[in-house]
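Participant: Sharing a model that was predicted from the sequence below.
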Amino acid sequence: MDGESCVRKAYEFILNSDFEQAIYWFEQAIAAEPLNASYQHKCAVSCARSGKWGKAHQYAKQAVELDGNHPEYQYHLQTIEARLLVASAELKLAEEPSHYEDALPLLQQAADLDPLSFEAFYLLALTYSEMGRIEDSVINAREALRLDPGHSAARRLFADVNRQRRMMRKRVIGKQQQKE
């Protein structure tokens, strides 16, 4: 079967919400035409939607290698890489004790790669808050809320760190007034 026929078959399965079979057919298209960047990209998208991030990364990377001038392929690779970085950071934060210093560069890189990643900004805000870096936490919590205004945990975090920041400012002003 030729690549285009396989892709049509994959889309039939997508329309029926059978993403596993869609991935199978995209892979058949890739096997038929391994140098077709479009097939690699379409397979990467389906893998990402199915939470198969390793496979998604592999196919997205291949699409970019085959056609690096295609901005959509570049962007999709970046969002997948950002998601993988967030997952690595989550593992560092879940360790006992949490490795905040190790998670920060991963989260910052994820936010740089995908400026629409709510998870990256939210976890940055949480991490900075845990480290006592309130100003940095406020900045990232604000960005997370901009990306998802209805996220209740992000709203609470923003309110908490904003309150801490105001209290810190009052203490600084109070100390300055005592010196005068």
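Facilitator: Looks like it arrived, so ask away.
Participant: what ranges of this protein fall below the confidence cut-off?
Facilitator: 172-180 (pLDDT under 70).
Participant: Specify the residue ranges that define each domain of it.
Facilitator: By the assignment in automatic domain parsing, the chain contains the domains 3-69, 81-179.
Participant: Longest helix in this structure, by number of residues?
Facilitator: helix 152-179 (DSSP state H).
Participant: Which positions in that helix come out as buried?
Facilitator: Along helix 152-179, these residues count as buried under the neighbour rule (16 or more other C-beta atoms under 10 Å): Ala154, Leu157, Phe158, Asp160, Val161, Gln164. All C-beta atoms are positioned from the backbone trio N, CA, C, and that covers glycine.
Participant: Residues touching stretch 147-159, excluding its own?
Facilitator: The contact list for stretch 147-159, computed with C-beta atoms under 8 Å, 6 or more residues apart in numbering, reads 116-118, 121-122, 125-126, 129, 137-138, 141-142, 144-145.
Participant: of the domains of the chain, which approaches Tyr75 most closely?
Facilitator: Of all these, it is domain 81-179 that lies closest to Tyr75, at 8.6 Å by C-beta to C-beta.
Participant: Could you let me know which of the buried residues of helix 152-179 ends up closest to Asn16?
Facilitator: Nearest to Asn16 among the buried residues of helix 152-179: Ala154, at 35.1 Å, using C-beta to C-beta.
Participant: what sits against the residue nearest to the closest one when sequence neighbours are not counted?
Facilitator: With sequence-adjacent residues excluded and distances taken as C-beta to C-beta, 6 or more residues apart in numbering, Ala154 is closest to Ala144, at 4.7 Å. Ala144 is in contact with Phe118, Phe121, Tyr122, Ala125, His151, Ala154, Leu157, Phe158, counting by C-beta under 8 Å, 6+ apart.
Participant: Any chance of JSON lines for those, columns distance to Ala29?
Facilitator: Below are the contacts of Ala144 laid out as JSON lines (distance: C-beta to C-beta, whole Å):
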{"residue": "Phe118", "distance to Ala29": "32"}
{"residue": "Phe121", "distance to Ala29": "36"}
{"residue": "Tyr122", "distance to Ala29": "37"}
{"residue": "Ala125", "distance to Ala29": "41"}
{"residue": "His151", "distance to Ala29": "38"}
{"residue": "Ala154", "distance to Ala29": "40"}
{"residue": "Leu157", "distance to Ala29": "44"}
{"residue": "Phe158", "distance to Ala29": "45"}
